[in-house]
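J.: Predicted model follows, preceded by the sequence.
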Amino acid sequence: MPELPEVETLARGLRQSVLGRRILSVTLGKTDFIDDPAALEQHLPGRQITAVERYGKFMLLRLKPPAGAGTNGSVPSGETNGDGASASLLVHLGMTGHLSPHPAAQPCEKHTHACFLLDDGRELRYNDARRFGRMAYLAGEALEEELRGFGADPLEVSAQQFVARIRARRARVKALLLDQGVLRGVGNIYADESLWRAKIHPARLGAHLTRKQAEALHHALRAILEKAIVMRGSSISDFLDAEGEPGEYQRRHRAYGREGKRCYRCGAPIRRAIVAGRSSYFCPRCQPAPRGSALTLPLSKRRSKQRKMRPA
DNA sequence: CTTACGGCCTGGGTGC
DNA sequence: TGCACCCAGGCCGTAA
């Protein structure tokens, strides 16, 4: 599942391979994950990819309109509104999204739902089996409005800002880390990894963390994200970078996905529990549960769930 | 207002 | 070989 390090890895790859290319045409398959499919087909052809950025877990392809096609002749790098230079293709990879260039002659793999023919004979393809991803063409004000409401980038936020944000909230710290309005880009893997490193239980309330603990969490999160980027992200099941290569950081995981295996620090078996509605992996010894928490129970919470028909 | 929780979308993997 | 079930991230509606 692509989180900040995976999307950053992808952005760096695409910067190498598709930056400066012009989009000649658009072919769409299933479109239920695209905000306004017609807008893509109408506005993308002719545009040049002038920047590849990461915004939280989003890929942002900045698109310059075709020369002379706009109402105003040139004016480069302007903040021209409407159909102008600030237009972007926003892509969220969801869980199973892939975005990478292929030779246009190569047959499309199953679940390829968007193809952007480039001016060098290749095709930038979006493939997403589950279509939990999202794609949108956004320009000007609409783009700004979309990006507003996201929290700070975890690699840029200062310790002071981070500590203040976390300690101001009574939600569980795991939920806060996952909340894209608090921090943009953190998902389940890096939330659990940073909590393990900082020795903080995921069910602790943000407001109950000491200043030192919140600072430790900030430091751990940053260090882990930076290391994960160097190792080109985590490939649990199917993350692949722009060249189709898996990352390496999954080898470094200390908590995520390690239920029942020994904690690298103390040897206690890593436990899994549902916190903030998500599977959460933690060391019950290194990461003491908050007082009164029932969340340290058995490994799996097998609850009989007969959910066949519901009475009208 | 803030927080918690269940359901929904989809299909690959798993276990029987 | 088939098939029911689980699970994932984000989002939304509802309840406390």
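T.: That came through, no problem.
J.: So which residues on the stretch 151-300 of chain A come close to DNA strand B?
T.: Contacts of the stretch 151-300 of chain A with DNA strand B, taken as CB under 7 Å from any atom of the strand, map to A:Arg169, A:Arg170, A:Ala171, A:Arg172, A:Ala175, A:Gly206, A:Ser237, A:Ala276, A:Gly277. Using the backbone N, CA and C atoms, a C-beta is placed for each residue, glycine as well.
J.: now do 10 Å
T.: Applying CB under 10 Å from any atom of the strand, we find that the stretch 151-300 of chain A lies next to DNA strand B at A:168-176, A:179, A:181-182, A:203, A:205-207, A:237-238, A:274-278, A:294-295.
J.: So which of those residues belong to strands?
T.: Among these, the ones falling in strands (DSSP state E) are A:Ile274, A:Val275, A:Arg278.
J.: Most neighbours among those, which one is it?
T.: Within those, most neighbours by other CB atoms under 10 Å means A:Val275, with 24 neighbours.
J.: re earlier: and the ones in strands among the residues of the stretch 151-300 of chain A next to DNA strand B, which is closest to A:Phe58?
T.: A:Arg278 (20.1 Å; CB to CB).
J.: so what's that closest one closest to, chain neighbours aside?
T.: Sequence neighbours aside, A:Asn188 is the residue nearest to A:Arg278 in space, at 5.4 Å (criterion: CB to CB, 6 or more residues apart in numbering).
J.: A:Phe116 now?
T.: Spatially, and ignoring its direct neighbours in sequence, A:Phe116 is nearest to A:Leu124 (4.3 Å; CB to CB, 6+ apart).
J.: ok, the one you found - how many residues close by?
T.: 22.
J.: Make sure I have this right: it is in a strand.
T.: Yes: counting by DSSP: H, G, I helix; E, B strand; the rest coil, A:Leu124 is located in a strand.
J.: For A:Glu109, which residues are in contact?
T.: A:Arg125, A:Asn127 (CB atoms under 8 Å, 6 or more residues apart in numbering).
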